[in-house]
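[1] With the sequence up front, the predicted model follows.
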Amino acid sequence: MAFSAIGRKSSGASRHLRFILARATKSTATPAAVTGASSCPFTGSRAEAKPPPKLNHAPKLPIVGSLPFFPPDEKDMYNYLNRRREKFGEWYSFGAPGFSNDIYGTVFVMDDPNEFVKVVRGEGTHPSGIVEYLWPIKAALKECHSALVTTNSDGTTNYGLFDHGEQWKKQRIFLQTGMLDPRTAKGFIPGISQAAELATAGAPDEGREGNLNHYLNTAAFDMFSSFMLGEFTQAAAGKADTSNDENIRFCNAAIRFMEMSMAEIARSPYEMVMKKLGIKTAQWKEMINHWKIVQEIGSLKLDRFIERRKRGELNDVEKASYFANALERFEAQPDGDENNLTLDEVKQLCILSLFVSVDTTSTVTSWNLVHLALNQDVQEKLYDEISAAVDNIGEGKLTASVLERSNTPYLTAFTRETNRLTPPFPSITSKSNSSKPIEIFGQVFPIGTNFVLENIGNDERFIPDAKTFRPERWFSEEVESRKGTKEESIDHVLARDPFGQGARRCPGSRVAANEVLCMISQLVLKYKVQVSSPDIKTLDDIEKNWAPFIAPAIPKLDFVSRE
């Protein structure tokens, strides 16, 4: 996709995808079986010519897709996905209700990232994204009269950020400005680091009570609030005052809305049918009530900020916040420009960002915390590296320089290993070819076909020691040794983090990545983290939930002060 088509100015997402496409082969339409040995566009390694894999098809029924034949194992989605791949192969179609435009929910699943690059190249001016298929969220936005939702000239509904047309583009451009640029995102690290340090005060009590999942939800909200509003909410630190009650209510409503909209309702054939019939179930009404709380509190917070800004009462941190910058950009919009956003749209984008911050970053952080507790030797290596960098580079503080990969390589390897073994999503990414028909493994697919790239990082059939948590596998010598093997796919740029790729990459991905680094680092610097129960020894002993992301039910942990 040409990046000039994404927006009026280059963005972090555009530069990233431009990098991908620049390194890709000039022609990807002909399968390797026809052209002979090919060179991987990302690694430069040579792969032996082989015939394309056979396309297998899981049985499917209208509306419910393949779920009756191969129902998800919500107790352990990782093993379920590996078993599904073993049953249907490396290239197959599957019916995922709600995640495709056809009645079966047909998606085509592959595990070859180099082949998936063709899909990325076929995204077009208005690329697709998984958020387009989050029908409960879209319906909730429409029902609550969100400024992001408009009516097209033909009477159809345009869902803006949750769609893929011009309205999506202008909302997306505005939202990602000040988020995706690495230099800008780096400038928010001091505030995020301070919010994370304040949040560590609540860890011991929440660990003893077994409330660490909720604790990390509130910690994620604290860190994102420092970025969005320049506000140190201290919800995770257990500070009980009127303002914090409001923040806890926001977090609780955001958590329940996310669980219901992306899991309980989104995966329910009954709810799908009721929605199509225009019937609002009790569960649907409950979900809408949670969203109204998010909207109410989010609007109050932004309106207070705007009023204080008018009175000149903002402090320096607040003046440097994302929302302050967003207001400046809103006010600087040229008169009569069709790409202008309304103030209500700007506010809705910021409320939506606050909402998403509660239950997304926290899932990634929760897995990192679990691996810290289960791998004491790894934890001590991490502590030694971070503490030394804080002393020698940060002058006693956790700074942006400390978190740079060149200064804390083991920290980077640790988070990569967490994402390999326990990614928060069932797949690496999903996209459709929005601009043109596409040839995948020698077969041509029409415009609008949905494709999914699976994660094989924790599949023992491909990674011999897949169940072993070993950050050292990300050191350069081991990466080099994997070239030319099936294992090499875990090193692919598409699989490097859980935030998606291309023009639909999570706009807050850089902020989220910095939040994870700051939270884990501050906890490691302050505490030695240990599992409380002697019965929990390995990852297999950790209960895993899938609502809406694949997340651990974090067991009780002891946070022992290092002082």
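    Perfect, thanks for sending it.
[2] all strands for the stretch 451-563 of the chain, in order.
    527-531, 544-546, 550-552, 557-561 (DSSP state E, counting those that start in this stretch).
[3] same thing with the stretch 301-450 of the chain?
    Going by DSSP E, counting those that start in this stretch, the stretch 301-450 of the chain shows strands at 427-432, 438-440, 443-445, 450-454.
[4] Adding distance to residue 63 and mean pLDDT, write those out as JSON lines.
    Using the backbone N, CA and C atoms, a C-beta is placed for each residue, glycine as well. Formatted as JSON lines, these follow (distance: least, Cβ to Cβ, whole Å; pLDDT from 0 to 100):
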{"stretch": "strand 427-432", "distance to residue 63": "20", "mean pLDDT": "89"}
{"stretch": "strand 438-440", "distance to residue 63": "26", "mean pLDDT": "95"}
{"stretch": "strand 443-445", "distance to residue 63": "22", "mean pLDDT": "95"}
{"stretch": "strand 450-454", "distance to residue 63": "16", "mean pLDDT": "93"}
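[5] okay, those strands in a markdown table with distance to residue 395 and mean neighbour count next?
    Formatted as a markdown table, the strands of the stretch 301-450 of the chain follow (distance: least, Cβ to Cβ, whole Å; neighbours: other Cβ atoms under 10 Å):
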| stretch | distance to residue 395 | mean neighbour count |
| --- | --- | --- |
| strand 427-432 | 38 | 24 |
| strand 438-440 | 52 | 20 |
| strand 443-445 | 55 | 13 |
| strand 450-454 | 42 | 24 |
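[6] Please name whichever of those strands is nearest to residue 528.
    strand 427-432 (33.4 Å; Cβ to Cβ).
[7] other SSEs contacting the closest one?
    Judged by 3 or more Cβ pairs under 8 Å, 6 or more residues apart in numbering; DSSP states H and E, strand 427-432 is in contact with helix 113-121, strand 450-454.
[8] Give me the angle between it and strand 450-454.
    Here the directions of strand 427-432 and strand 450-454 differ by 160 degrees (axes from the mean of the first three to the mean of the last three Cα atoms, to 10 degrees).
[9] picking that back up, mean pLDDT for the strands of the stretch 451-563 of the chain: which is lowest?
    Of all those, mean pLDDT reaches its minimum on strand 544-546 (a mean of 88).
[10] what residues does it touch?
    Here strand 544-546 makes contact (Cβ atoms under 8 Å, 6 or more residues apart in numbering) with 72, 74-78, 263, 550-553.
[11] please redo it, this time with the cut-off set to 6 Å
    Strand 544-546 is contacted from outside by 74, 76-77, 551-553, using Cβ atoms under 6 Å, 6 or more residues apart in numbering.
[12] and the residues you listed as CSV, adding neighbour count and distance to residue 389?
    Listed next are the contacts of strand 544-546 as CSV, based on neighbours: other Cβ atoms under 10 Å; distance: Cβ to Cβ, whole Å:
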residue, neighbour count, distance to residue 389
74, 14, 40
76, 17, 36
77, 19, 35
551, 23, 29
552, 19, 28
553, 13, 32
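[13] Nearest to residue 525 among those residues?
    Taking Cβ to Cβ as the measure, residue 552 is the one of the contacts of strand 544-546 closest to residue 525, at 22.3 Å.
[14] Look up which residues are beta-bridged to that closest one.
    residue 544 (DSSP bridges).
[15] how about it, what does it touch?
    Applying Cβ under 6 Å, 6+ apart, the residues contacting residue 552 are 366, 370, 542, 544.
[16] Which one of those sits in the busiest neighbourhood?
    residue 370 (26 neighbours; other Cβ atoms under 10 Å).
[17] Next, the contact list for that one, please.
    By Cβ under 6 Å, 6+ apart, residue 370 lies in contact with residue 552.
[18] Which pLDDT does the model give it?
    98.
[19] Look up how far residue 262 lies from residue 405.
    Counting by Cβ to Cβ, to the nearest Å, the gap from residue 405 to residue 262 is 32 Å.
[20] Specify which residue of these two has the higher count of neighbours.
    With neighbours defined as other Cβ under 10 Å, residue 405 and residue 262 compare such that residue 262 has more, 17 against 10.
[21] still on that earlier bit, let's have the strands of the stretch 301-450 of the chain in JSON lines, adding distance to residue 257.
    Output for the strands of the stretch 301-450 of the chain, formatted as JSON lines (distance: least, Cβ to Cβ, whole Å):
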{"stretch": "strand 427-432", "distance to residue 257": "22"}
{"stretch": "strand 438-440", "distance to residue 257": "35"}
{"stretch": "strand 443-445", "distance to residue 257": "35"}
{"stretch": "strand 450-454", "distance to residue 257": "25"}
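[22] Out of these, the one nearest residue 482 is which?
    strand 427-432 (17.0 Å).
[23] who does that closest one pair up with?
    strand 450-454 (antiparallel).
[24] quick one on the thing from earlier: wait, which of the contacts of residue 552 is closest to residue 122?
    For the contacts of residue 552, the nearest to residue 122 is residue 544 (33.9 Å; Cβ to Cβ).
[25] Flag the shaky bits of the protein, pLDDT-wise.
    Applying pLDDT under 70 to the chain flags the ranges 1-49, 74, 239-244.
[26] Report the buried residues of the lengthiest helix in it.
    Ordering each helix of the chain by length in residues (DSSP state H) puts helix 282-310 first. By neighbour count on 16 or more other Cβ atoms under 10 Å, the buried set for helix 282-310 is 284, 287-288, 290-291, 293-295, 297-298, 301-302, 305, 309.
[27] circling back to that earlier point, could I get the contacts of strand 544-546 as CSV with distance to residue 377?
    Converted to CSV, those look like this (distance: Cβ to Cβ, whole Å):
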residue, distance to residue 377
74, 32
76, 26
77, 28
551, 25
552, 20
553, 24
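[28] Residue 508 contacts residue 178, correct?
    No. In this structure, residue 508 is not within contact of residue 178 by Cβ atoms under 6 Å, at 10.3 Å.
[29] which residues sit in contact with the most centrally placed residue in the chain?
    Residue closest to the mean C-alpha point of the chain, counted by Cα atoms, centre = their mean, is residue 499 at 3.9 Å. Each residue near residue 499 by Cβ under 6 Å, 6+ apart is listed here: 505-506, 509.
[30] how about 8 Å then?
    With Cβ under 8 Å, 6+ apart, residue 499 has these contacts: 505-506, 509, 512-513.
[31] Now do it against residue 356, distance only.
    12 Å.
[32] What helix or strand is residue 94 located in?
    According to DSSP states H and E, residue 94 maps onto strand 91-95.
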